[in-house]
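Asks: okay, predicted coordinates and the sequence, questions at the end:
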Amino acid sequence: MKSDFISTVSHELRTPLTSIKGYIATLLHPATKFDGATQRDFLQIMNREADRLSGLISDLLEVSKIESQKFRMNPSLQDLMIIVRKMVEKYRQLHQKHSFELTGPDCLELEIDGAQIEYVLHHLLSNAVKYSPKGGKIEVQVQPVDEKIYVSVRDQGVGIPFDEQEKIFDRFYRVDNRPTRWAYGWGLGLFIVRKVVEAHGGRIWVESVLGGGSRFTRTLSSQNSMDTLQKKGLG
Ligand SMILES: Nc1ncnc2c1ncn2[C@@H]1O[C@H](COP(=O)(O)OP(=O)(O)OP(=O)(O)O)[C@@H](O)[C@H]1O
Ligand SMILES: [Mg+2]
């Protein structure tokens, strides 16, 4: 398992590096001259690949923190809706091809780790956008029911085959089908998301129809008081 992990990571690190090295070698080749615009194109590709490498390294560090039990939450009393509204607004500004809808209460104060809540939402929204390349509606819903709060992100994208809906939460698992092969990613996002949600004492699952969109729902306990988190060793 460990050596599998190392070989997967090495492979994933090598792919963007090979591309960066390729462009550098091309630019440095003494026999070829490129105009300013082409050089800029090459530099932009190299910049994007470097960003991907740095994204992968951040995700790997997150995975290593989670797996070494050094993962700590920093809960404080916060309005969940402020965080959710901020994230939805950010995505609305960045992705004009999609329309974003948010439903939920005006305000919902809870003991939460704001940064971790943002991470999960950001990740679910980024998947919703990435896997609905034709655009469409993305609905975010916050629904308090009894002792729980349900937070869901629903898209109208490519969907996930039924027999892979559990596997997508595994480390490095990506669905290999035509509509998603072009989409860039490591298959680490949902693995980290599930760990973070569980550390908050919640659950996350997906409902999806191939070709008919997906809905990811996470739960949060409305009794997320400092007390309960400390009893779980997470405070
Ligand atoms: N909203 C979605 N619609 C359709 N497929 C999805 C959706 N979210 C996730 N998936 C599938 O689950 C797989 C795992 O998702 P995950 O977020 O863990 O990794 P990723 O997006 O491929 O890469 P990254 O590590 O950059 O997040 C994806 O590769 C994709 O096949
Ligand atoms: Mg992802």
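Replies: That came through, no problem. Numbers count the residues shown, from 1 in each chain. Ligands and ions are numbered 1, 2, ... in the order given.
Asks: now do the lengthiest helix in the chain: which elements does it pack against?
Replies: The longest helix of the chain (DSSP state H) is helix 36-67. Under the contact criterion of 3 or more CB pairs under 8 Å, 6 or more residues apart in numbering; DSSP states H and E, helix 36-67 touches helix 2-28, helix 189-199. In short, each C-beta sits where N, CA and C put it, glycine included.
Asks: got the buried residues for it?
Replies: Phe42, Met46, Glu49, Arg52, Leu53, Gly55, Leu56, Asp59, Leu60, Glu62, Val63, Ile66 (16 or more other CB atoms under 10 Å).
Asks: so how far is ligand 2 from the nearest residue to the last one once chain neighbours are set aside?
Replies: Closest residue to Ile66 apart from its sequence neighbours, by CB to CB, 6 or more residues apart in numbering: Lys195 at 4.6 Å. In this structure, Lys195 and ligand 2 are separated by 14 Å, where distance is defined by CB to the ion, to the nearest Å.
Asks: next, Glu101: secondary structure please.
Replies: Put simply, Glu101 is strand when judged by DSSP: H, G, I helix; E, B strand; the rest coil.
Asks: nearest residue to it other than its sequence neighbours?
Replies: Glu139 (4.7 Å).
Asks: the one you found belongs to a strand?
Replies: Yes: assignment of Glu139 by three-state DSSP places it within a strand.
Asks: surely it is in contact with Val153?
Replies: Yes: counting by CB atoms under 8 Å, Val153 is a contact partner of Glu139 at 7.5 Å.
Asks: who has more neighbours out of those two?
Replies: A direct count of neighbours by other CB atoms under 10 Å for Glu139 and Val153 places Val153 higher, at 25 against 18.
Asks: the more buried one looks like it's in a helix, true?
Replies: No: counting by three-state DSSP, Val153 is not found in a helix; it is strand.
Asks: what does the protein put close to ligand 2?
Replies: Asn127, Gly185, Gly189 (CB under 5 Å from the ion).
Asks: how about 8 Å then?
Replies: Residues of the chain found near ligand 2, taking CB under 8 Å from the ion as the criterion, are His123, Ser126, Asn127, Lys130, Gly185, Trp186, Gly187, Leu188, Gly189, Leu190.
Asks: ok now the longest helix of the chain, how far from the chain's centre?
Replies: 15 Å (CA atoms, centre = their mean, to the nearest Å).
Asks: and what of stretch 148-159?
Replies: 13 Å.
Asks: any stretches of this structure with poor pLDDT?
Replies: Along the chain, segments meeting pLDDT under 70 span 1-3, 178-181, 224-235.
Asks: pick out the residue of it closest to ligand 2.
Replies: When scored by CB to the ion, the chain has Gly189 as its residue closest to ligand 2, at 3.2 Å.
Asks: which element is the closest residue to that residue other than its chain neighbours on?
Replies: Among residues not flanking Gly189 along the chain, His123 sits closest, at 4.8 Å (CB to CB, 6+ apart). Using DSSP states H and E, the element containing His123 is helix 114-130.
Asks: in space, what's closest to Leu121 - neighbours in sequence excluded?
Replies: Met87 (4.7 Å).
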